[in-house]
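Novice: Quick check, what structure comes out for this input:
(one chain, ligands or ions: 1)
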Amino acid sequence: MKVLLGVTGGIAAYKSLELTRLFIKSGHEVQVVMTSGAKEFIQPLSFQALSGNPVRDSLFDANQEAGMGHIELARWADVIVIAPASAETLAKFRMGRADDLLTTLILATDKPIVLAPAMNRLMWSNEATQENVAILNQRGWMLLQPGSGEQACGEVGEGRMPEPIEIFEAVEEVKKQQQQTYQAWLDLKQFWQGKSLLITAGPTYENIDPVRFIGNRSSGKMGFSIAEAAAKAGAKVTLITGPVQLAVSDQVKRINVRSAEQMFTAVQAHYSNADCFISAAAVADFRVADIAEQKIKKQSDTDEMTLTLVKNPDIVAWVAQQDDKPYVVGFAAETQNLIEYAKDKLQRKNLDMICANQVGETLGFEQSENALTLITSEQELELSLATKDELAVQLLKFISAQ
Ligand SMILES: Cc1cc2nc3c(=O)[nH]c(=O)nc-3n(C[C@H](O)[C@H](O)[C@H](O)COP(=O)(O)O)c2cc1C
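Specialist: Residues are numbered from 1 along each chain as shown. Purely as a prediction, here's the structure:
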């Protein structure tokens, strides 16, 4: 693995020599980037001797390929480790600053980043530093917790750089995850490449009059996440969506509809080309029998108003009844007896699979996270709480295994 080691200005910089040695000993390639602060603490020559590569420290280096060392280094690395990560550099990362080689290449990378902070205990516990690391953590950077104990400054507390062996093991973990994720991704791609997938998403709006409608709390996120993930895996995706506030990439063919009847018409026009149909939309069961042509006026002489509703077509059941039906996946959003209702729906509607989805005030709808149980006539798989993007990938994987 190609490890890019960023060393910043802190007493613990000397420990990164041992870290370099550990990487080299286990067969990794290492390139070291030092900040000007780091060079106050340790000579670049030591890293050069251990890594076998010249140390990089200058953003404006005319000797580097096309004079763009930051881009070249960002591309070269499989993983980037910052050890020690000073309070100053963490603050710069958080802000997206790019005023030296290290900060600039960090902005120019999509590789995993492992941070090993090291600083005085008060610098570490300072609200500003804590806010910075919390945000970097949210961005998905791997933050190693500093150790506690006696510090170089003579104080005792939290802020010591994790031991080189701990940092080394964290990087090995990244490598393992990368390999697993990559293999899983290849498998998914192999299955979905060129397959045709039809997805419905979002709510439907059933008009009452020109200004009012009956809707529901579906945000469309689940269906959109599936559409994006499938398109990335190489599938030809058609997404029929009710009114939502979401965007989708150009690889997905998007068809906007409003009512259940419009969604039904669009599905009828497209299902026969699909290898798989995923019905993630929250389609209204009923629509208003007579939609008023003009805005309904408030009646001052009555406290009640009655709307007559008539049944909407059951889109997923209709697709599942067709002779040339694709593989049909439904969703069951329930507030109670989830699995029981979902299994009943699977059977009653002749679906191939159903995704049971507990919904409630703070569950399922309008959230970017969810938990699902995938059910077929032979199998049940619980997917624990995760982002809808992650669930989408797991769902596509489960379908490909059926
Ligand atoms: C003797 C000495 C020790 C220092 N040790 C640390 C340290 O352990 N952690 C830290 O965040 N800053 C430490 N600093 C402060 C940084 O060197 C300083 O904030 C510098 O601007 C960091 O820049 P850099 O992150 O670009 O290397 C120390 C400063 C001195 C003078």
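Novice: Sketch out the low-pLDDT regions of the chain for me.
Specialist: Within the chain, the segments meeting pLDDT under 70 span 64-68, 360-366, 368.
Novice: Which parts of it belong to which domain?
Specialist: 2-180, 193-290+304-401 (automatic domain parsing).
Novice: Name the nearest residue to the residue in the stretch 151-300 of the chain positioned nearest to the ligand, ignoring sequence neighbours.
Specialist: In the stretch 151-300 of the chain, the residue that lies nearest the ligand is residue 152 (6.8 Å; C-beta to the nearest ligand atom). For every residue, glycine as well, the C-beta is placed using N, CA and C. Excluding its sequence neighbours, the residue lying closest to residue 152 (C-beta to C-beta, 6 or more residues apart in numbering) is residue 11, at 4.2 Å.
Novice: surely residue 400 meets residue 197?
Specialist: No - counting by C-beta atoms under 8 Å, residue 400 stays clear of residue 197, with 11.3 Å between them.
Novice: Comparing those two, which residue is more hemmed in?
Specialist: Remark: of residue 400 and residue 197, residue 197 carries more neighbours, 26 against 16, as counted by other C-beta atoms under 10 Å.
Novice: Helix or strand: which one has residue 166?
Specialist: helix 164-192 (DSSP states H and E).
Novice: Dump the domains of the chain to TSV, plus distance to residue 186.
Specialist: Listed next are the domains of the chain as TSV, based on distance: least, C-beta to C-beta, whole Å:
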stretch	distance to residue 186
domain 2-180	11
domain 193-290+304-401	10
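Novice: Which element, helix or strand, includes the nearest residue to residue 94 once chain neighbours are set aside?
Specialist: Nearest residue to residue 94 in three dimensions, chain neighbours excluded: residue 132, at 4.1 Å (C-beta to C-beta, 6+ apart). Following DSSP H and E, one finds residue 132 within helix 127-138.
Novice: Report whether that helix contacts the ligand.
Specialist: No - on the criterion C-beta under 6 Å from any ligand atom, helix 127-138 is out of touch with the ligand, staying 8.4 Å away.
Novice: neighbours around the residue of the stretch 301-402 of the chain found nearest the ligand, how many?
Specialist: Proximity of the stretch 301-402 of the chain to the ligand (C-beta to the nearest ligand atom) peaks at residue 387, 32.2 Å away. Neighbour count for residue 387, taken as other C-beta under 10 Å: 14.
Novice: same thing with residue 177?
Specialist: 12.
Novice: That one and residue 1, how far apart?
Specialist: Distance of residue 177 to residue 1, computed by C-beta to C-beta, to the nearest Å: 12 Å.
Novice: Then residue 198?
Specialist: With C-beta to C-beta as the criterion, residue 198 and residue 1 are 40 Å apart.
Novice: Looking only at neighbour counts, state which of those two leads.
Specialist: Just comparing residue 198 and residue 1: by other C-beta under 10 Å the higher neighbour count belongs to residue 198, 27 against 17.
Novice: doesn't that one fall inside a strand?
Specialist: Yes - counting by DSSP: H, G, I helix; E, B strand; the rest coil, one finds residue 198 located in a strand.
Novice: So in that sheet, which strands flank the strand or helix carrying residue 354, and in what orientation?
Specialist: Element membership of residue 354 [criterion: DSSP H and E] is strand 353-358. Taking DSSP bridges as the criterion, strand 353-358 forms sheet pairs with strand 327-334 (parallel), strand 369-375 (antiparallel).
Novice: wait, which of those strands is closest to residue 215?
Specialist: When these are compared by C-beta to C-beta, strand 327-334 sits nearest residue 215, at 14.4 Å.
Novice: Run through who's touching that closest one.
Specialist: With C-beta atoms under 8 Å, 6 or more residues apart in numbering as the test, strand 327-334 has contacts from 222, 275-280, 282, 316, 319-320, 338, 341-342, 345-346, 349-359, 364-365, 395, 399, 402.
Novice: hmm, back to that, contact partners for the residue nearest to residue 94?
Specialist: Contacts of residue 132 (C-beta under 8 Å, 6+ apart): 87, 90-91, 93-94.
Novice: ok, 7 Å please
Specialist: By C-beta atoms under 7 Å, 6 or more residues apart in numbering, residue 132 lies in contact with 90-91, 94.
Novice: Tell me where the chain has helices.
Specialist: Remark: helices assigned in the chain by DSSP state H are 15-25, 38-41, 44-51, 69-76, 87-95, 101-107, 121-125, 127-138, 164-192, 221-232, 260-270, 315-321, 338-348, 388-401.
Novice: Format the ones you listed as JSON lines; extra columns: distance to residue 251.
Specialist: Converted to JSON lines, the helices of the chain look like this (distance: least, C-beta to C-beta, whole Å):
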{"stretch": "helix 15-25", "distance to residue 251": "38"}
{"stretch": "helix 38-41", "distance to residue 251": "43"}
{"stretch": "helix 44-51", "distance to residue 251": "41"}
{"stretch": "helix 69-76", "distance to residue 251": "24"}
{"stretch": "helix 87-95", "distance to residue 251": "32"}
{"stretch": "helix 101-107", "distance to residue 251": "26"}
{"stretch": "helix 121-125", "distance to residue 251": "44"}
{"stretch": "helix 127-138", "distance to residue 251": "27"}
{"stretch": "helix 164-192", "distance to residue 251": "12"}
{"stretch": "helix 221-232", "distance to residue 251": "4"}
{"stretch": "helix 260-270", "distance to residue 251": "16"}
{"stretch": "helix 315-321", "distance to residue 251": "23"}
{"stretch": "helix 338-348", "distance to residue 251": "30"}
{"stretch": "helix 388-401", "distance to residue 251": "15"}
